[in-house]
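1. here is the input, now give the coordinates:
(one chain, ligands or ions: 1)
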Amino acid sequence: MYVVNTERMKTMRLQKFMAQCGVASRRKSEEIILEGRVKVNDVIVKELGTIVDPNRDIVEVDDRKIEMESRKVYIMLNKPEGYVTTLKDRHSEKIVLDLIEGVEERVFPVGRLDADTSGLLLMTNDGNLTYKLTHPSHEVAKKYIAVVEGVPNNKKLARFRKGLRIDGRMTAEAYVRIIKKHRDSSVLEISIHEGRNRQVRKMCEYIRHPVIKLKRVSIGELKLGNLEVGKWRYLTEKEVKYLKKL
Ligand code: URA
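-> Numbers count the residues shown, from 1 in each chain. Coordinates of the predicted model:
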């Protein structure tokens, strides 16, 4: 589970902090400070240059604590293969955050995609939504297009749909259909409700049709559409509303 909000804000002048909290403009905030209406850590402060640390200091205006509202942003990325969804792994690997340029807010991936999987990845700084969408009890369907070795027969497809024992536990009912057959491979459309580690790959391996390529194309009603590989976009208001309602 990703941390709800680990955003570290820099220290700044008190009036700037007040403005960013939506108290008033910087100029007006200066007046409020001079009027003796502002406390930092319980002490009235009238110095305009006072530096505060939003992560540590408690600032009150008229005895009411103020806080910086960070704007919630919701992003859809078409993750290329070769990028990891973890944020810490700074060593040799490429991380998805490197692809989100121009976004000031610190966003986090919602759940994960394997490094070798491409496709739809949601990123947000809305910890509540991340929590909701990645909770095991949550049953939003995720759709994948998988290129697999060989062409599975009906019996195998039926087993896939019904449930397979993966890592000692049965998978929930799944959807699968063949959308293209080649001589040595096939293309499957797969939909699962769970988010277990490498689940699609393990399920395909189980029926002896290992995955060659895997791409996530939708999460519930959210579709990757024709978003280019490596590109991102903000979700529309309608899409955000939909996710919050789930
Ligand atoms: N299933 C997988 O095997 N890999 C993913 O990245 C997502 C689902």
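2. tell me the pLDDT of residue 91.
-> We have a pLDDT of 63 for residue 91.
3. list the contacts for the most far-flung residue of the chain relative to its centre?
-> Taking C-alpha atoms, centre = their mean, the residue of the chain most remote from its mean C-alpha position is residue 35, at 43.3 Å. Neighbouring residues of residue 35 by C-beta atoms under 8 Å, 6 or more residues apart in numbering: there are none. From N, CA and C alone the C-beta is placed, and that goes for glycine too.
4. do the one 3 residues further on as well
-> Residue 38 is in contact with 14, 18, 32, 44, 45, 46, 59, 60, 61, counting by C-beta under 8 Å, 6+ apart.
5. rerun that using 10 Å as the cut-off
-> The neighbourhood of residue 38, defined by C-beta atoms under 10 Å, 6 or more residues apart in numbering, consists of 14-15, 17-18, 23, 29, 32, 44-46, 50, 52, 59-62, 66.
6. isn't residue 57 up against residue 50?
-> Yes - counting by C-beta atoms under 10 Å, residue 57 touches residue 50, with 9.4 Å between them.
7. list residues touching both of these two?
-> Shared contacts of residue 57 and residue 50, counting by C-beta under 10 Å, 6+ apart, come down to 14, 17, 40.
8. got a quick PyMOL command for the buried subset of the residues you listed?
-> Remark: buried members of those, expressed as a PyMOL selection using 16 or more other C-beta atoms under 10 Å:
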select buried, resi 14+17+40
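9. residue 206: which of the shared contacts of residue 57 and residue 50 is nearest?
-> Nearest to residue 206 out of those is residue 17 (C-beta to C-beta; 54.9 Å).
10. please verify my assumption that that closest one contacts residue 58.
-> No - checked against C-beta under 10 Å, the pair residue 17 and residue 58 is beyond contact range at 11.6 Å.
11. anything in contact with each of these two?
-> With C-beta under 10 Å, 6+ apart, residue 17 and residue 58 have common neighbours 40, 52, 66, 67.
12. CSV for the residues you listed, including secondary structure?
-> Putting the shared contacts of residue 17 and residue 58 into CSV (DSSP: H, G, I helix; E, B strand; the rest coil) gives the following:
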residue, secondary structure
40, strand
52, strand
66, coil
67, coil
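13. so which of the residues you listed wins on neighbours?
-> Most neighbours among those, by other C-beta atoms under 10 Å: residue 52, with 22 neighbours.
14. show me what from the protein comes close to the ligand.
-> 113, 114, 117, 198, 199, 200, 201, 214 (C-beta under 6 Å from any ligand atom).
15. what subset of the contacts of residue 38 is buried?
-> Counted by 16+ other C-beta under 10 Å, the contacts of residue 38 give 14-15, 17-18, 23, 29, 32, 45, 50, 52, 59, 61, 66 as buried.
16. picking up where we left off before, between the shared contacts of residue 17 and residue 58, which is closest to the ligand?
-> residue 67 (36.0 Å; C-beta to the nearest ligand atom).
17. how much space between the closest one and residue 96?
-> 28 Å (C-beta to C-beta, to the nearest Å).
18. with residue 238 instead?
-> Residue 238 is 24 Å from residue 96, by C-beta to C-beta.
19. before we move on, what about residue 85?
-> In terms of C-beta to C-beta, residue 85 sits 5 Å off from residue 96.
20. shared neighbours, these two?
-> 77, 79, 108, 109, 112, 113, 115, 121, 123.
21. just give me how far stretch 74-91 sits from the chain centre.
-> Relative to its chain's centre, stretch 74-91 lies at 10 Å (C-alpha atoms, centre = their mean, to the nearest Å).
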